[in-house]
Every structure is written in C-alpha cells, then in structure tokens.
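Asker: Here you go, sequence then predicted model.
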Amino acid sequence: MTAGKSADPSFPREQGDLSRQLDNALGQACVGVGDPGVQAVLMKEGRLVWSSRRGMAISQSATPVTDHSLFYYGSIGKLVIATFVLHQAEAGVLDLDKAISHFVGEEVAGSDLVTVRMLLTHTSGYPDAYADPAVPAVAPRLPPSYGDSRSYDPNRVWTFAMVNNGIRDPVEPGAHFAYLNCGYFLLGRVLSKTVGGDEALKRAIRRFVRRADAVEPMTEKLFTMERSRRALRRFAHGYELLADGSLLDYFTAYGAQGIPTEMYGLPFTDSAFAGTALAGAQFLDALFARQRLLQRETVEAMISPTPQATCDGSRSDPLASTCTFGMGTRRIMAGGRTWQGHTGSWIGFSAIGATDMERGVTLFVMTNRNTSEYRPASVIWEQLAETCAASAT
C-alpha cells in the first residue's frame with residue numbers, strides 16, 4: 001500500500017513531477033529493504049511538498065501505516081534535547097561551559113569535571129553506562145558486554161537512579177569524541193533540575209516544540225514523550241529481520257504489556273520521543289529552515305563540527321564519519337548536497353531526518369524495521385534525497 005500527496009495546490013507542474021518521482025523512488029527503495037512500514041515527508045520552509053506512507057504498522061493484524069501512526073525516533077531525540085538545551089542557554093538558564101555539578105550536585109560521578117558542552121558534543125569521557133553490570137539489561141539479545149540479556153524486562157519501571165548506578169568517573173573529559181548515549185541521558189537530568197522536575201520538563205518541552213507548528217500542530221497526536229495506552233493504539237510495532245527471513249515483533253516477543261518501557265520517555269533523554277514523520281520534519285524545518293527555535297548564531301554553533309571529532313575526509317560513508325558531528329546534530333552528504341540532521345535506530349525501528357539548509361528542504365523517513373547489517377530508513381532516505389537533489393525544489 002502506498003499513498004502520496006502534495007499539500008499546496010499552488011505548486012507548479014514540476015512539483016507534481018517531483019511527487020511522482022519520489023513515489024517511484026520510495027517504492028523501489030522499500031522493496032529493496034523488505035518492504036517495511038514507512039512514513040516519508042518532504043517539506044520546504046513550512047510547506048508540505050510531499051508525503052507518503054507505505055506498508056503495515058502491525059503485520060499480524062494487517063494494520064496499514066497511516067499519516068498518524070506513531071514511530072520511534074531513536075537518537076533523533078538527541079537533536080531535540082540539544083535544541084532545547086541551547087534554547088535554555090540562550091535564555092540564560094544554562095551555561096554550556098559550567099560543570100554539571102552546578103546543576104546536579106554530586107549525585108553523578110565526575111560531575112565537577114564535565115561541562116554541559118561536553119555532554120552535548122559527546123566529549124565527556126564517560127564510559128557507556130548501559131554496558132555497566134550495575135544497570136539492568138535495556139534490551140534483549142544485546143552483545144555480552146551489555147550484561148545478561150535474560151534480565152531484560154520490557155515492563156520494568158525505570159528511574160534515573162537505576163541508570164546512574166552505572167555512570168562511572170569520566171576518562172580525560174573534554175579530550176576525545178566518543179558517540180555514547182549516557183551524555184544525553186545526563187543532559188536530561190540537568191534539564192530536569194533546572195526547570196523544576198520531570199513533569200515540569202515534559203511540559204516545558206511540549207511548549208517548546210509547539211514553536212515548530214506548521215502543517216499540523218505539534219500536539220501529542222504527532223509528537224510525544226508519553227508511553228500511554230492511547231499512544232499504544234496508534235503505534236507501529238517494531239520488527240527485526242531474523243537470519244531465517246522471519247520477522248520478530250519487538251512489541252510482543254518479550255511479554256510487553258504496553259509500549260516497552262525502555263523505548264522512549266523519561267528518564268531516557270538520549271532517545272526520549274516518538275511521533276510521526278511529519279512532526280520530525282516540522283521540527284527540523286523550524287530549526288534549520290524557518291529558524292523559529294534558535295537564534296541564527298546558535299544554529300551555526302550547533303552545526304559546527306566538534307573539534308575533537310576529526311578525520312582525514314577519506315571515509316566513503318558520511319553517516320559513519322565522526323567528523324560530521326556538532327551539538328546533537330550531524331552533517332550528512334547525499335545527492336551531492338549537504339544536509340544537517342540526525343539518524344536513529346533501535347530494535348525494530350530506524351529513522352533519519354535532515355535539512356538541506358541552502359535550499360530550505362527537509363526530508364524525513366521512519367520505518368518499523370531494523371537489521372544488524374543496515375538501517376532501512378537510511379537506505380530509503382538516501383534514494384529519496386538523491387531524487388530531491390536532482391530536482392529544482
């Protein structure tokens with residue numbers, strides 16, 4: 001099943017040609033990665049240029065993906081958190097170069113050695129907290145370094161303290177780049193402390209993302225931190241492709257009584273959000289094209305590559321290159337164009353969204369499929385990005 005649309009009837013005939021080209025590219029790319037459930041959106045400066053959905057949100061019940069099916073954003077949530085942190089810095093609530101002990105006290109190991117900027121830029125030096133034996137398994141079938149996966153419980157009630165038990169003293173803070181989740185997990189604690197607690201943080205983020213309203217309001221219908229029964233009714237199940245070619249349903253295989261509790265929401269501010277492709281596209285469009293979320297100079301600082309994340313430019317895969325990272329965002333090359341955004345993946349889900357800032361074009365793709373070899377959303381996104389780059393959009 002596939003459906004596409006152009007939201008603005010004033011677009012010229014060339015826009016219809018682009019929509020047909022994108023529909024064709026989406027179909028070809030999806031077939032090549034096993035035809036997952038997909039949402040894809042193309043925006044330009046607040047306008048919906050094209051959108052499409054395809055495949056099944058829940059395979060067992062043959063429930064098709066709709067425009068309002070919820071998917072998991074994964075690490076794209078880091079971009080949202082980074083943007084909110086920088087907004088707080090613009091407001092004078094946070095100083096990026098202050099030690100986090102100023103905000104969280106001594107409850108976090110090494111808090112007097114690590115700054116907010118280090119957390120934003122993956123240079124804090126913290127070891128991987130999720131791999132520490134003191135932290136329960138956050139997912140099934142992870143590598144042995146992540147502890148005994150038999151302890152995985154999709155219904156476990158997580159707290160900040162549970163993950164904080166695995167945060168150890170940082171090694172050479174500020175000296176090296178290492179992409180890890182626990183830095184953004186700690187940013188969530190910093191934010192919670194500065195705004196008045198977890199519930200206050202959720203309210204503050206909900207208010208902030210409403211600045212990105214464009215095609216549809218950024219309400220809980222499109223963008224959420226809540227693992228509610230209402231969200232579950234609209235959520236696409238995540239599927240992993242197994243070696244024998246069968247699909248494993250991440251939502252049902254391990255006894256989850258609702259949305260798996262480690263998937264998103266607090267305290268997991270390294271991957272705190274779920275929503276639709278339209279919501280993700282609206283957020284990126286507001287940040288990088290319409291500039292409704294941060295001041296121009298703040299955006300420039302945000303996208304500037306982290307000095308510690310250097311490389312010789314010889315790597316052929318831009319998504320694997322560390323030298324593309326800024327603060328919560330990364331530079332992506334596709335179709336001969338430079339895009340700014342982020343990727344995300346977890347068991348059963350993959351996503352990618354980015355903006356061609358020169359042209360004000362944002363492309364966002366979400367799927368409910370993931371494999372150990374590749375990220376289906378990235379494969380689809382790159383083919384769509386090449387199609388966009390060849391047009392005059």
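Answerer: Right, received. Where do you want to start?
Asker: for the stretch 51-200 of the chain, what are the low-confidence residue spans?
Answerer: 141-150 (pLDDT under 70).
Asker: That one: helices as residue ranges?
Answerer: For the stretch 51-200 of the chain, applying DSSP state H, counting those that start in this stretch gives helices covering 76-90, 101-104, 116-120, 160-164, 182-195, 198-209.
Asker: Tell me which residues touch the closest residue to A389 other than its chain neighbours, please.
Answerer: In this structure, A389 finds its nearest non-sequential neighbour in G335, 2.8 Å apart by Cβ to Cβ, 6 or more residues apart in numbering. Where you see a C-beta, it was placed from the backbone N, CA and C, and this is true even at glycine. G335 is in contact with E382, A385, E386, T387, C388, A389, A390, counting by Cβ atoms under 8 Å, 6 or more residues apart in numbering.
Asker: I'd like the residues you listed as CSV, with pLDDT and secondary structure appended.
Answerer: Formatted as CSV, the contacts of G335 follow (pLDDT from 0 to 100; DSSP: H, G, I helix; E, B strand; the rest coil):
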residue, pLDDT, secondary structure
E382, 95, helix
A385, 96, helix
E386, 95, helix
T387, 95, helix
C388, 92, helix
A389, 88, helix
A390, 85, coil
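Asker: Which pair of those residues spans the longest distance?
Answerer: Between any two of the contacts of G335, the greatest separation by Cβ to Cβ is 12.9 Å, found for E382 and A390.
Asker: Looking at these two, which one has more neighbours?
Answerer: Each of E382 and A390 has its neighbours counted (other Cβ atoms under 10 Å); E382 has more, 21 against 13.
Asker: Report the contact partners of the more buried one.
Answerer: So E382 contacts A334, G335 (Cβ under 8 Å, 6+ apart).
Asker: repeat that for 7 Å
Answerer: E382 makes contacts with A334, as judged by Cβ atoms under 7 Å, 6 or more residues apart in numbering.
Asker: Out of the helices of the stretch 51-200 of the chain, which is closest to G348?
Answerer: Nearest to G348, of those and by Cβ to Cβ, is helix 76-90 at 15.5 Å.
Asker: Which strands or helices does the closest one pack on?
Answerer: Judged by 3 or more Cβ pairs under 7 Å, 6 or more residues apart in numbering; DSSP states H and E, helix 76-90 is in contact with helix 116-120, helix 182-195, helix 198-209, helix 296-303, strand 337-346.
Asker: and for that helix, what are the contacting residues?
Answerer: 94, 96, 116, 120, 184, 187-188, 191, 194, 205, 208, 269-273, 280, 283, 287, 293-295, 298, 302, 327-329, 341-342, 344, 351, 353.
Asker: Now restrict those residues to buried residues only.
Answerer: Taking 16 or more other Cβ atoms under 10 Å as the criterion, what is buried in those is 94, 96, 116, 120, 184, 187-188, 191, 194, 205, 208, 269-273, 280, 283, 287, 293-294, 298, 302, 327-329, 341-342, 344, 351, 353.
Asker: rewinding a little: which one of the helices of the stretch 51-200 of the chain lies nearest to F364?
Answerer: Evaluated over those, closeness to F364 peaks at helix 76-90, with 8.8 Å, by Cβ to Cβ.
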